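Novice: Following is a predicted model, sequence given first.
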Amino acid sequence: MSNKIRDQQFGLEEYIAMQVKQARQRENLKITDVSRISGISQGMISKIENAQVSTSLETLHRLCQAIGLPIAELFNDFDRPDGSAQLVKAGQGLEVVRRGTDKGHTYQLLSYQRGATRAFEPFLISMDDLSEVFPTFSHPGEELIYILEGKLNYRHGNQIYPLGPGDALTFQAEIPHGPEQLIEVPIKLLSFIHYAPQ
């Protein structure tokens, strides 16, 4: 299905017209072929495909059979609810101050849902200082970190985990955690903090 159908609001006739025409063209059928197979006049098929007429369900059913489009499938994407996704383009995450900011860590918040109802917080964290002493963190929720670039030793409680690109570490965030040693900089990692429902 084309992005045009998804990105715009269409009336029922326009939606049917686009779906029918696309299905006919996918099957490499001419209007004359569809007319012969369905018994529907070429003029009527042309009007349906140009959203110039409201047709009966019987005619629509015959038309769909002729072009190999199940009638139930015809309406799959009609009246789909609007999405409310939040897009943050590369490099445009909201830079926020966290406990590690004064230690040379940069935090970009990748989703802006704030307040008591937030279910998770995703961050892109950058570190590039080899000599800094790093704090440990402790906060509510469960956290997953995924290393994009660089290498470090990461502490969680009494355990040290060597991490490199492609490695993921999931842990309870109430237990003190944080970078223990930066091995190869710059380091970029994704951090997802999931909060229990209130």
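Specialist: It's in. Residues are numbered from 1 along each chain as shown.
Novice: if I read this right, S138 contacts G178, doesn't it?
Specialist: No - at 9.1 Å, S138 does not count as touching G178 under the criterion of C-beta atoms under 8 Å. For glycine as for every other residue, the C-beta is placed from the backbone atoms N, C-alpha and C.
Novice: Give me the below-cutoff pLDDT ranges for the chain.
Specialist: For the chain, applying pLDDT under 70 flags the ranges 1-10, 79-84, 86-87, 93-105, 112-118, 130-133, 198.
Novice: how about the biggest strand by length in it as CSV, C-alpha atoms only?
Specialist: Using DSSP state E to define each element, the chain has its longest strand at strand 177-194. C-alpha atoms of strand 177-194 as CSV (Å, rounded to 0.1, in the frame of the first residue of the first chain):
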residue,chain,number,x,y,z
HIS,A,177,25.7,1.1,39.2
GLY,A,178,27.8,3.1,36.7
PRO,A,179,30.9,3.1,34.6
GLU,A,180,33.9,1.8,36.5
GLN,A,181,36.6,2.3,33.8
LEU,A,182,36.5,3.7,30.3
ILE,A,183,38.7,1.5,28.1
GLU,A,184,38.2,2.9,24.7
VAL,A,185,36.7,6.3,24.0
PRO,A,186,34.6,7.9,22.8
ILE,A,187,31.8,5.8,24.2
LYS,A,188,28.2,6.0,23.2
LEU,A,189,25.5,3.9,24.8
LEU,A,190,21.7,3.8,24.9
SER,A,191,20.1,3.6,28.3
PHE,A,192,16.4,2.6,28.7
ILE,A,193,15.0,3.0,32.2
HIS,A,194,11.7,1.3,32.7
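Novice: hang on, the earlier thing: neighbour count: S138 and G178, which is higher?
Specialist: The neighbour comparison of S138 against G178 (other C-beta atoms under 10 Å) goes to G178, with 16 against 13.
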